[in-house]
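Colleague: Next comes the sequence, and after it the predicted model I'd like to discuss.
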Amino acid sequence: DGGITQSPKYLFRKEGQNVTLSCEQNLNHDAMYWYRQDPGQGLRLIYYSQIVNDFQKGDIAEGYSVSREKKESFPLTVTSAQKNPTAFYLCASSRWGQGGNQPQHFGDGTRLSIL
Amino acid sequence: SQQGEEDPQALSIQEGENATMNCSYKTSINNLQWYRQNSGRGLVHLILIRSNEREKHSGRLRVTLDTSKKSSSLLITASRAADTASYFCATVQGAQKLVFGQGTRLTINP
């Protein structure tokens, strides 16, 4: 079955530590996205990528970094510069379409907490 | 910035009743999308309605769009316990960026 796989499901970060969240898709989608969701809130865009080896900052990119070396993979690193990383992180992918006319497909998220 | 704003923030109804959620937005759009999120899970796409459409149906779901009022509504008919979830509207900023509202938490009571 095609879909998006995020791992791990739960992750704990120590002070000063960088952690990397994995996102893999086998839907052959060009575009991939990372969102942050805080309790009772909507989603905020961290980074997105429209094509391999290219990505753009979203609304809250500070303290995060990404890479897009393969079409299927879009890992997110939460750096020590992100002072409030506790949140639910969601990865999504979509076909590339003009005007955002393509639905996004989501993984089941990674919940990151501070030790 | 959050463009779509859902109303109400929370809604609790009895099984079998209809549930209506509203979304307002600020700028002009090409389309508007509705998503569902079950607790602790990712979002699932429900319906995309284009700016030149006024109404769209999918099973028990009915979405309307009023571009003059910059608003949309999602109606779930004959609700079931499995419909308990948060529902988000999303609009597009730029070429591909979706902007989500804060969502409506829907609870269906048996």
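Modeller: Great, that's in hand. Numbering: from 1, shown residues only, chains lettered A, B, ... in the order given.
Colleague: I figured B:Ala10 hits B:Arg105, correct?
Modeller: Yes: under the criterion of C-beta atoms under 8 Å, B:Ala10 lies in contact with B:Arg105, with a separation of 4.6 Å. To be clear about C-beta, it is placed using only N, CA and C from the backbone, and glycine gets the same treatment.
Colleague: Counting neighbours around each, name which of the two comes out higher.
Modeller: Each of B:Ala10 and B:Arg105 had its neighbours counted (other C-beta atoms under 10 Å in any protein chain shown), and the higher figure belongs to B:Arg105 (19 against 11).
Colleague: helix or strand for that one, which one?
Modeller: With elements delineated by DSSP states H and E, B:Arg105 resides in strand B:104-109, which encompasses its position.
Colleague: Can you get me a residue count around B:Ser73?
Modeller: By other C-beta under 10 Å, neighbour count at B:Ser73 equals 17.
Colleague: actually A:Phe88, sorry about that
Modeller: Neighbour count of A:Phe88, defined by other C-beta under 10 Å: 18.
Colleague: so what's the residue nearest to it when sequence neighbours are not counted bridging to?
Modeller: Leaving aside its sequence neighbours, A:Phe88 sits nearest to A:Gln37 (C-beta to C-beta, 6 or more residues apart in numbering or on different chains; 4.5 Å). Residues in a beta bridge with A:Gln37, per DSSP bridges, are A:Leu43, A:Phe88.
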